[in-house]
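1. Just need the structure, nothing else, for what follows:
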Amino acid sequence: MAGRDEAALEGISLLGNQGTQYAATYTPSILEAFDNKHPYRDYRVKFNCPEFTSLCPITGQPDFATIYIAYIPDLKMVESKSLKLYLFSFRNHGDFHEDCINIIMNDLINLMSPRYIEVWGKFTPRGGISIDPYCNYGRPGTKYEEMASYRMMNHDLYPEKVDNR
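-> Okay, here's the model as predicted:
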């Protein structure tokens, strides 16, 4: 079984780093990616992040959620420790639940351009109501060749970068 050599791990600086710094503010630049060794195959990667917190932009009170991220990678994949630190950076970020979910998805699209991605937030109820925003991008269940040709024919639908404003 072939592993990854040092050249293949270039750019991965957080994993195994004993001096981890935790960002106190929203920091998308902390996200790191690595090459997908199986870009010829459609497969799903899923993260469950049960300790997400952000702040209500009006009251400043903390909001708690489990964030579910699932994607079908293309050429790049997100490194999990950088994802954990990135999600932690929302701790002092004041935004509505729906905005947080879309920001997370946009940042992951900018990082790795997945074939498909979905982000779902299951926020703890406040005042007797819970909010579970969901967003997705791409088309699930498509083969690599079909998706690549679809992107080429519809390049206006797939911008290089997504603006979080």
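2. in the protein, which residue is closest to the centre?
-> Closest residue to the average C-alpha location of the chain: Leu108 at 3.9 Å, with CA atoms, centre = their mean.
3. what about the helices in this structure?
-> 80-88, 97-112, 144-153 (DSSP state H).
4. Is it possible to get JSON lines of those helices that adds distance to Pro50 and mean pLDDT?
-> Using the backbone N, CA and C atoms, a C-beta is placed for each residue, glycine as well. Formatted as JSON lines, the helices of the chain follow (distance: least, CB to CB, whole Å; pLDDT from 0 to 100):
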{"stretch": "helix 80-88", "distance to Pro50": "11", "mean pLDDT": "96"}
{"stretch": "helix 97-112", "distance to Pro50": "15", "mean pLDDT": "97"}
{"stretch": "helix 144-153", "distance to Pro50": "31", "mean pLDDT": "50"}
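5. Which among those helices is found nearest to Tyr137?
-> Proximity to Tyr137, assessed across the helices of the chain by CB to CB, is greatest for helix 97-112 (5.9 Å).
6. Among the helices of the chain, which comes closest to Asp63?
-> Nearest to Asp63 among the helices of the chain is helix 97-112 (6.5 Å), distances taken as CB to CB.
7. quick one: the residue nearest to the centre of the chain and Glu118 touch, right?
-> No: shown here, Leu108 and Glu118 do not form a contact pair, counting by CB atoms under 8 Å, at 10.3 Å.
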